[in-house]
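Asker: Got a predicted structure here, sequence first:
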Amino acid sequence: MKKGLIGKKIGMTQIFDEKGNVVPVTVVEAGPNVIVQKKTIENDGYEAVQVGFGDQKVARVNKPMKGHFDKSGVAPKKVLKEFRLENIADVNVGDILKADIFEAGEKVDVIGTSKGHGTAGAIKRWNFARLRESHGTGPVARHTGSLGVIDPARIFKGKKMAGHYGVDRTTVQNLTIAKVDVENNLIAVKGAIPGPKGGIVVIANAKKA
């Protein structure tokens with residue numbers, strides 16, 4: 001991961017490209033991010049920067065984290081994330097990273113937390129087919145169906161069953177940046193990205209472009 005930003009998903013809209021075609025995009029408030037810590041090979045065994053996004057009230061920060069922010073001279077942040085930049089010598093603690101580190105046409109991976117669906121049945125969670133609702137099927141049309149086998153007399157682990165659905169770390173790869181609004185710190189990414197409106201996402205340059 002050579003560069004990245006923490007942002008907030010604003011929502012979806014559409015824009016027009018140079019040829020007049022409609023392009024569906026997701027708008028992300030990409031920063032500003034502040035560099036909270038630099039990690040070096042001498043001290044940490046690898047090179048990376050820790051960036052923060054979103055101001056946090058001092059009263060809501062515990063003492064260890066307050067000391068961490070005070071050491072950096074940075075106001076407390078809600079979200080922290082590490083990025084392994086190409087050359088951390090070019091940046092310093094306290095530097096601000098904005099949307100202009102990306103440009104239109106660039107390929108990115110977007111990481112977020114998928115929407116929560118609560119406890120869902122097998123049809124919604126795993127796209128199972130329904131049973132026929134004729135000839136006396138009864139109230140089992142949306143049931144999972146047979147799960148066990150006769151010989152072990154038990155259900156094997158890993159069966160697709162009803163259960164908690166969503167709120168998982170999800171990555172969508174190789175999305176294209178359609179537009180970068182430097183003035184308002186917004187990035188329009190072509191297509192959909194994980195999570196609800198207002199959800200925290202990470203935009204990083206694509207690993208497999």
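Answerer: Yep, that arrived.

Asker: three-state assignment of K179?
Answerer: Using DSSP: H, G, I helix; E, B strand; the rest coil, the structure places K179 in strand.

Asker: Next: Q14.
Answerer: strand.

Asker: Please name the residues that touch it.
Answerer: Contacts for Q14 (CB atoms under 8 Å, 6 or more residues apart in numbering) come out as 22-25. Every residue, glycine included, has its C-beta placed from N, CA and C.

Asker: L5 too?
Answerer: Here L5 is in contact with 30-31, 33, 51, 53, 97, 99, 101-102, 187, 202-204 (CB under 8 Å, 6+ apart).

Asker: out of the contacts of Q14, who has the most neighbours?
Answerer: V25 (23 neighbours; other CB atoms under 10 Å).

Asker: beta partners of that one?
Answerer: Beta-bridge pairing for V25 (DSSP bridges): T13, K190.

Asker: Check the one 10 residues further on too.
Answerer: Using DSSP bridges, the bridge partners assigned to I35 are V51.

Asker: And the protein, what are its domain boundaries?
Answerer: Domain assignment for the chain by automatic domain parsing gives 4-117+164-205, 119-163.

Asker: can I get those domains in TSV with mean pLDDT?
Answerer: Shown next, in TSV, are those (pLDDT from 0 to 100):
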stretch	mean pLDDT
domain 4-117+164-205	91
domain 119-163	86
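
Asker: out of those, deepest packed?
Answerer: Of these, the one with the most neighbours on average (mean count of other CB atoms under 10 Å) is domain 4-117+164-205, at a mean of 16.

Asker: From start to finish, how long is it in a straight line?
Answerer: The straight-line separation of the ends of domain 4-117+164-205 (CA to CA, to the nearest Å) is 7 Å.

Asker: Same question for stretch 54-64.
Answerer: Taking CA to CA, stretch 54-64 runs 19 Å from one end to the other.

Asker: distance of the closest residue to A206 other than its chain neighbours from G191?
Answerer: Of all residues not flanking A206 in the chain, K107 sits nearest, at 4.0 Å (CB to CB, 6 or more residues apart in numbering). Noted for K107: a distance of 12 Å to G191, by CB to CB, to the nearest Å.

Asker: got any residues that touch both of the two?
Answerer: 175-176.

Asker: who's sitting farthest from the centroid in this structure?
Answerer: Ranked by distance from the centre of the chain (CA atoms, centre = their mean), the top residue is H135, with 46.5 Å.

Asker: how about that one, what does it touch?
Answerer: So H135 contacts nothing (CB under 8 Å, 6+ apart).

Asker: And whichever strand or helix holds K81, what does it pack against?
Answerer: Per DSSP states H and E, K81 falls inside strand 77-83. Applying 3 or more CB pairs under 8 Å, 6 or more residues apart in numbering; DSSP states H and E, we find strand 77-83 packed against strand 4-16, strand 33-39, strand 48-55, strand 200-205.

Asker: ok, which stretches of the protein are helices?
Answerer: In the chain, the helices defined using DSSP state H lie at 41-44, 63-72, 122-126.

Asker: Quick check: the gap between I10 and G195.
Answerer: Applying CB to CB to I10 and G195 gives a distance of 11 Å.
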